[in-house]
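> turn this into a structure:
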Amino acid sequence: MEHRETTEARWSWVARSMALAAAYDLSFAVAILFFTAPAARLLRLALPDDLVYLRFNGVFLLMLAGMYVLPALQPQRYRGIVSVAVIGRFLGFVYLGWVAWSGGAPTFWGLALTDLFFSILHAVLLIRARAS
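I've put the predicted structure just below:
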């Protein structure tokens, strides 16, 4: 007998992927805002002389993580945010990949591939959920 995943179960996978992405962005936000120097050393990235813009990016990552919580709680209702995440993560992959390709720190390859992973994961799960 063939096992068929229910519509509700498929949407729950979308929710899980968004919760994972929220946790990822939250961890970077906390690292940027509160552990700037140790995080930079760990990732082998140079810190700018003026940390204002870097820390402001930490604030944006906090907002992004907060927005990702919405589809993590109600994926069908906030599926538009999932679609934006698919595109945004892909653009992050393109940009960070370009930075790495252009001679940036090797860390940017890992960050680029992580964005690509999330883009593909969200897209596949959203397509499967919407098809059910």
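> please enumerate the helices of this protein.
7-34, 36-43, 52-73, 79-101, 107-131 (DSSP state H).
> mean pLDDT added to the ones you listed, as CSV?
CSV is the format used below for these (pLDDT from 0 to 100):
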stretch, mean pLDDT
helix 7-34, 97
helix 36-43, 97
helix 52-73, 98
helix 79-101, 98
helix 107-131, 98
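> Throw those helices into TSV and include mean neighbour count, thanks.
For glycine as for every other residue, the C-beta is placed from the backbone atoms N, C-alpha and C. Output for the helices of the chain, formatted as TSV (neighbours: other Cβ atoms under 10 Å):
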stretch	mean neighbour count
helix 7-34	18
helix 36-43	13
helix 52-73	16
helix 79-101	17
helix 107-131	18
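> burial count for residue 44?
Around residue 44 sit 9 other residues, with neighbours defined as other Cβ atoms under 10 Å.
> I'd say it and residue 105 touch.
Yes - the pair residue 44 and residue 105 passes the contact test of Cβ atoms under 8 Å, sitting 5.9 Å apart.
> state the distance from residue 99 to residue 78.
Remark: distance between residue 99 and residue 78 (Cβ to Cβ, to the nearest Å) = 30 Å.
> er, residue 96 actually
On the measure of Cβ to Cβ, residue 96 and residue 78 end up 25 Å apart.
> equivalent analysis for residue 42, please.
For residue 42 relative to residue 78 (Cβ to Cβ), the value is 32 Å.
> with residue 10 instead?
Distance from residue 10 to residue 78, by Cβ to Cβ: 15 Å.
> again with residue 67
For residue 67, the distance to residue 78 equals 9 Å [Cβ to Cβ].
> okay, which residue is most central for the chain?
By Cα atoms, centre = their mean, the chain has its centre lying nearest to residue 21, at 4.4 Å.
> this completes my enquiry, with thanks.
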